[in-house]
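Q: The amino acid sequence is not available; the structure is as follows:
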């Protein structure tokens with residue numbers, strides 16, 4: 001089993017015919033120039049040790065050097081062994097609240113940014129688990145399907161904003177219903193749903209009832225509450241500068257506060273519990289403890305061949321033939337002269 005890593009270097013080999021043609025033209029020019037100086041017999045008398053064989057041999061050395069150096073650039077690899085890598089983990093979905101109330105600044109810099117920081121830190125501590133992301137406000141939106149690519153997960157996470165969903169309000173049950181479709185039943189992995197929110201819920205259906213249905217499917221729900229329990233207004237900003245506070249239909253300033261009781265009820269009925277999200281270290285510790293107690297399920301088994309570079313052998317041969325080309329002179333040596341391969345002594 002072999003592999004050619006940089007095959008585009010092979011195009012250099014197409015220059016060999018041009019190199020040979022150029023060499024032939026140079027030899028013809030040199031021969032014609034010598035004949036203008038003297039006839040063939042006189043030239044043979046003046047340079048009796050000149051060897052056509054060694055000139056040909058030097059040309060072969062140059063061609064071999066080019067071929068081996070090109071192959072070294074291509075970097076051939078030989079597969080030494082085949083390994084099977086098994087991946088085990090848990091399927092984790094993050095449902096992040098992106099409603100306007102998440103703009104409240106009772107935690108720095110605001111609730112939404114705090115939620116994104118928490119999810120990002122949790123992802124940083126994962127090893128082989130799969131992740132998915134849901135954004136929700138008045139409705140839920142599938143932001144990232146289940147994947148093992150943590151890098152793209154954090155990229156999608158940073159794109160979350162309160163402007164991405166036109167349907168405002170907060171309907172936690174929408175996120176819970178969407179989460180049920182996220183997990184692959186065939187994989188039979190252990191499944192966890194983290195709901196990161198301030199706990200405000202304006203949905204028409206009880207989030208607790210939907211959470212019970214989710215729990216019956218074997219999905220454990222853990223809720224993470226961000227914000228303070230005392231009420232604060234929701235700032236409205238333009239170009240990063242606050243211009244006013246959000247108001248209701250009666251012109252009154254809207255006051256938002258963290259609703260821990262709703263978050264605790266949702267988690268309790270789905271075999272989970274509530275986590276205070278205002279302390280990042282506390283969240284990371286509790287999430288790590290949760291994951292350490294959950295059995296990992298194998299969801300991926302990959303076979304791959306381990307390849308080892310072989311370019312050094314071809315590089316060495318290429319350098320060897322270059323050295324031989326420099327060491328070999330175009331004069332006859334005594335033993336080659338005795339062989340008289342090209343009838344040069346006749």
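A: Arrived safely, thanks for sending. Just so we're clear, the structure is a prediction, and the values are computed from it rather than from any experiment.

Q: Show me where the stretch 101-250 of the chain has its strands.
A: 130-136, 140-147, 191-197, 219-225, 232-233, 235-238, 241-245 (DSSP state E, counting those that start in this stretch).

Q: and the fifth one, how far from the chain's centre?
A: When you say that, I think you mean strand 232-233. 41 Å (Cα atoms, centre = their mean, to the nearest Å).

Q: next one: the second one
A: Taking Cα atoms, centre = their mean, one finds strand 140-147 lying 19 Å from the centre of the chain it belongs to.

Q: which residues touch it?
A: For strand 140-147, the external contacting residues (Cβ atoms under 8 Å, 6 or more residues apart in numbering) are 91, 93, 95-96, 130-135, 152-153, 156-157, 159-160, 164-165, 171, 174-175, 177-178, 182-184. C-beta coordinates here come from the backbone N, C-alpha and C atoms, glycine included.

Q: try 6 Å this time
A: With Cβ atoms under 6 Å, 6 or more residues apart in numbering as the test, strand 140-147 has contacts from 91, 130, 132, 133, 134, 135, 153, 156, 165, 174, 175, 178.

Q: could I get the residues you listed as CSV with neighbour count, pLDDT and distance to residue 265?
A: As requested, the contacts of strand 140-147 are arranged in CSV below (neighbours: other Cβ atoms under 10 Å; pLDDT from 0 to 100; distance: Cβ to Cβ, whole Å):
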residue, neighbour count, pLDDT, distance to residue 265
91, 21, 91, 24
130, 25, 90, 28
132, 21, 95, 24
133, 25, 96, 24
134, 23, 95, 20
135, 26, 94, 22
153, 22, 93, 28
156, 16, 93, 29
165, 18, 75, 24
174, 24, 91, 17
175, 27, 93, 15
178, 18, 93, 19
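
Q: Please identify which of those residues is nearest to residue 75.
A: Residue 75 lies nearest to residue 153 out of those, by Cβ to Cβ, at 33.0 Å.

Q: Residues in a beta bridge with the residue nearest to residue 115 when sequence neighbours are not counted, which ones?
A: Spatial nearest neighbour of residue 115, chain neighbours left out: residue 196 (4.3 Å); criterion: Cβ to Cβ, 6 or more residues apart in numbering. Note on residue 196: beta-bridge partners by DSSP bridges are residue 96, residue 224.

Q: Next one: residue 196 relative to residue 113, how far apart?
A: Applying Cβ to Cβ, to the nearest Å, the value for residue 196 to residue 113 is 12 Å.

Q: neighbour count winner among those two?
A: Between residue 196 and residue 113, counted using other Cβ atoms under 10 Å, the more crowded position is residue 196 (26 against 18).

Q: Just the endpoints, please. Distance across stretch 181-198?
A: One end of stretch 181-198 sits 24 Å from the other (Cα to Cα, to the nearest Å).

Q: Hmm, residue 61 is touching residue 324, no?
A: Yes: contact status for residue 61 versus residue 324: in contact at 5.0 Å, counting by Cβ atoms under 6 Å.

Q: buried stuff in the strand or helix carrying residue 69?
A: If you go by DSSP states H and E, residue 69 is part of helix 52-74. For helix 52-74, the neighbour count (16 or more other Cβ atoms under 10 Å) marks 53-54, 57-59, 61-74 as buried.

Q: separation between residue 273 and residue 201?
A: With distances taken as Cβ to Cβ, residue 273 is found 18 Å from residue 201.

Q: the more surrounded of those two?
A: Legend: neighbour count by other Cβ under 10 Å for residue 273 and residue 201, higher for residue 201 (21 against 15).

Q: ok, and the closest non-adjacent residue to that one?
A: Nearest non-adjacent residue to residue 201, counting by Cβ to Cβ, 6+ apart: residue 172, 4.9 Å away.

Q: pLDDT at the one you found, what is it?
A: Residue 172 carries a pLDDT value of 91.

Q: Which parts of this structure are helices?
A: Shown for the chain, the helices assigned by DSSP state H span residues 16-37, 40-46, 52-74, 111-124, 150-158, 172-179, 207-216, 260-269, 280-292, 311-327, 334-339.
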